[in-house]
Structure formats: structure tokens, C-alpha cells
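J.: Turn this into a model:
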Amino acid sequence: MVWYIALMLARPSLVAAAALVTSLALPACNSSAKESEAQATHNVERLSALTDADVTEVQKGLPDGAKRLIPLLSGETPPLPGRVRAEMKKVREAVTVLQLAKSTFFAVVGADGVVLASDLETDGMVGKSITTALPGVEKAKGGYTELLGEWDEARGVKTGPDAVWVAAAPIADKGLYVTGWSLRRFAHHLEEQLKTDLRHGGNKTQKAAKMPIVYAFVVRGDKAYGAPVVPEVNTKAIEGLQLSSKVKGDAAAHGQLEITNRAFGWAAKRAPKLCDTCVIALLRSEL
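T.: The predicted structure is shown next:
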């Protein structure tokens, strides 16, 4: 009987202790989400600057590269794919900013809009009409042009939605020099660069397990494009924020989300160099 009474007397304190643990856990969780939000807001500024720099490299280098390709297309008959690839390699090696470009492909297009060759390991572009896939590229005959669209031969993933950012410069009146990237591959590039920054910028003794979880996205309209392996639920969460219509001006938007019972901070910033309605978004969760 004595032990029973003692237990009953102890129960209120046990309940109170449990309540205290719960009350402490909730602020800790909220604190973690706030920290993720603050860090994501800082990180997305870096990703926005990277995006601007990546586009600028192409803007500076592609017209120069196109001029260097004029002799290639000066013959009476189109050059064979092997020669085109060899010349593209020489041109990229000669133009420093093109060496640095984050492009996932380069291609030379004939005057009829048909791809003569690309630098893809498996060249699915050769013999295909770029003007059929991306009619807006015709504007490049009059000068350097950028556009966004869908081009199966340039996509960065085998399945699922993807889009491409394409830049084209005229090779005199003989054809086009074209480059660009899959939006999902570009998101992967941003994500990996951020991870590198975090590893090098943090405490060198910090264990890898303490690295935050980060997912980068390029948002265009109502679609978000993340790295090829990003969980679909995360992509849907970003799309649900409707960032293209909500992120205005130069300031980053930010907030918190819970996805599959994990607290994330998110941040987003416009990327006008990429396109008028493009937004770079980031999800971050502390470990």
C-alpha cells in the first residue's frame, strides 16, 4: 500500500516533467526552423548571384565563339559531325568564359535550323531541327538570343518534367552556335555548389552528419525544377508556394514549411538574368 501511495503522489510530478519536456521540445523545433529560414535566406542570395554569373559567362563568350566558327561553315557543303565536334572543342578551349560555362550542351546548327552536331556524349541532337522544338531560336539569326522552352534532346533527366534555357548566337549568316542547360541539371549545379560552400565555410572539425539538408530549385511559372533526385513531395511543396507570382523586386521572400514531419526554412529570390519570371528557391533543414 505504501508503494502504491508513493507512486500516486509521484505521478503528478512525472506528468509535469513530461509536459516540461514537450514544452521544451516545441520551442527547440521552432528555433531550428527559424534558424533554417534565416540561413536559407542568406544562402539564396549566394545562389542568385551564382545564377547571374553563370548567365553572364554565356552572354560574354557565345558571340565570340560563334565568330570563331565562321570558317567551319564557309564551305559549299555542311561539315561532317566529327569535324564540327572537333572545332567546337577548339573554340571552347580558346574562349575562357566558355570553358567555365555551366552549359550541359553546345551545338552548331546549320542555316536550315538542323543541328550539325553537339558535344553530347550520345548525340541525340544531330540531324534534328532546333527550330521545330524552339521556334523562338530563329531570332538568333539577327543577333544573340536567349529563350526558355522544352527540347527533348537537351533535357537533363530521362523521366519527369524538365525545361531548358537556351542561348544562341549567329555564325554570320551561315548558322547558329547554341548552348544552354536543363533547368533540373542547373538546379543540381546550384545545390552542389552550395554544399561545397557550406563544407568549406563551416567549422573544419564539423562532422558531415551535421551538414544541413538543402534542396535548390529553379521555379518558372507554376513549375519547380529540382535536381534529378529531389523528392517529389519537396518539389510539390515549393510549387504550392506559387513563388513566381509572389516574389517581387530584389528582396528575397522566406518562410517555414513542414514536409514529411521535418521542419524546413525556405527562401526564394527572382533570377531576372535567367528569365523575367524565373525564381531561384531553396529548402534548408538543420540536422
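
J.: quick one: contacts for the spatially closest residue to Ala163 that is not a sequence neighbour?
T.: In space, Ala163 comes closest to Leu183 once its chain neighbours are excluded; the distance is 4.8 Å by Cβ to Cβ, 6 or more residues apart in numbering. C-beta: built from backbone N, CA, C; applies to glycine. By Cβ atoms under 8 Å, 6 or more residues apart in numbering, Leu183 lies in contact with 156, 162-165, 218, 220, 225.

J.: On the pLDDT front, check Leu183 for me.
T.: pLDDT recorded at Leu183 is 96.

J.: thinking again about what came up before, farthest pair within the contacts of Leu183?
T.: Gly156 and Arg220 (14.3 Å; Cβ to Cβ).

J.: Walk me through the domains of this protein.
T.: Structural domains of the chain, as assigned by automatic domain parsing, span the residue ranges 35-51+185-285, 55-182.

J.: any idea which residue sits dead centre in this structure?
T.: Ala187 (1.7 Å; Cα atoms, centre = their mean).

J.: I'd say it and Val229 touch.
T.: No - taking Cβ atoms under 8 Å as the definition, Ala187 is not a contact partner of Val229, at 10.8 Å.

J.: Show only the entries of the contacts of Leu183 found in strands.
T.: Judged by DSSP state E, the subset of those located in strands is 164-165, 218, 220, 225.

J.: now those in TSV, with pLDDT?
T.: Compiled in TSV, those are given as follows (pLDDT from 0 to 100):
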residue	pLDDT
Val164	96
Trp165	97
Val218	97
Arg220	93
Tyr225	97
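
J.: any chance of those in a markdown table, plus distance to Leu241 and neighbour count?
T.: Formatted as a markdown table, the ones in strands among the contacts of Leu183 follow (distance: Cβ to Cβ, whole Å; neighbours: other Cβ atoms under 10 Å):
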| residue | distance to Leu241 | neighbour count |
| --- | --- | --- |
| Val164 | 23 | 25 |
| Trp165 | 22 | 25 |
| Val218 | 14 | 28 |
| Arg220 | 14 | 20 |
| Tyr225 | 14 | 27 |
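
J.: would TSV of those with distance to Val233 be doable?
T.: Shown next, in TSV, are the ones in strands among the contacts of Leu183 (distance: Cβ to Cβ, whole Å):
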residue	distance to Val233
Val164	25
Trp165	26
Val218	18
Arg220	20
Tyr225	15
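
J.: What is the burial count for the nearest residue to Glu93 once chain neighbours are set aside?
T.: Nearest non-adjacent residue to Glu93, counting by Cβ to Cβ, 6+ apart: Gln99, 6.7 Å away. Gln99 sits with 11 neighbouring residues when counted by other Cβ atoms under 10 Å.

J.: Also Arg46?
T.: Arg46 is flanked by 17 other residues according to other Cβ under 10 Å.

J.: Is it within a helix or a strand, and which one?
T.: Element membership for Arg46, per DSSP states H and E: helix 2-68.

J.: Now do that helix, average pLDDT.
T.: On average, helix 2-68 scores 70.

J.: try stretch 276-287
T.: Across stretch 276-287, pLDDT averages out at 94.

J.: Going by neighbour count, which residues in it are buried?
T.: For stretch 276-287, burial by neighbour count (16 or more other Cβ atoms under 10 Å) applies to 277-286.

J.: try stretch 132-141
T.: Result for stretch 132-141 [16+ other Cβ under 10 Å]: buried residues 133-134, 137, 140.

J.: Mind putting these into CSV with distance to Ala86, pLDDT and secondary structure?
T.: Compiled in CSV, these are given as follows (distance: Cβ to Cβ, whole Å; pLDDT from 0 to 100; DSSP: H, G, I helix; E, B strand; the rest coil):
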residue, distance to Ala86, pLDDT, secondary structure
Ala133, 25, 93, helix
Leu134, 26, 96, coil
Val137, 24, 95, helix
Ala140, 23, 97, helix
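
J.: ok, those vs Thr122, which is closest?
T.: When the buried residues of stretch 132-141 are compared for distance to Thr122 (Cβ to Cβ), Ala133 wins out at 17.4 Å.

J.: In contact with Phe106, which residues?
T.: Applying Cβ under 8 Å, 6+ apart, we find Phe106 in contact with 88, 92, 98, 118-119, 177-179.

J.: pLDDT on the helix or strand hosting it, on average?
T.: Following DSSP H and E, one finds Phe106 within strand 105-110. In this model, strand 105-110 has an average pLDDT of 98.

J.: Next secondary structure after that strand?
T.: strand 115-118.
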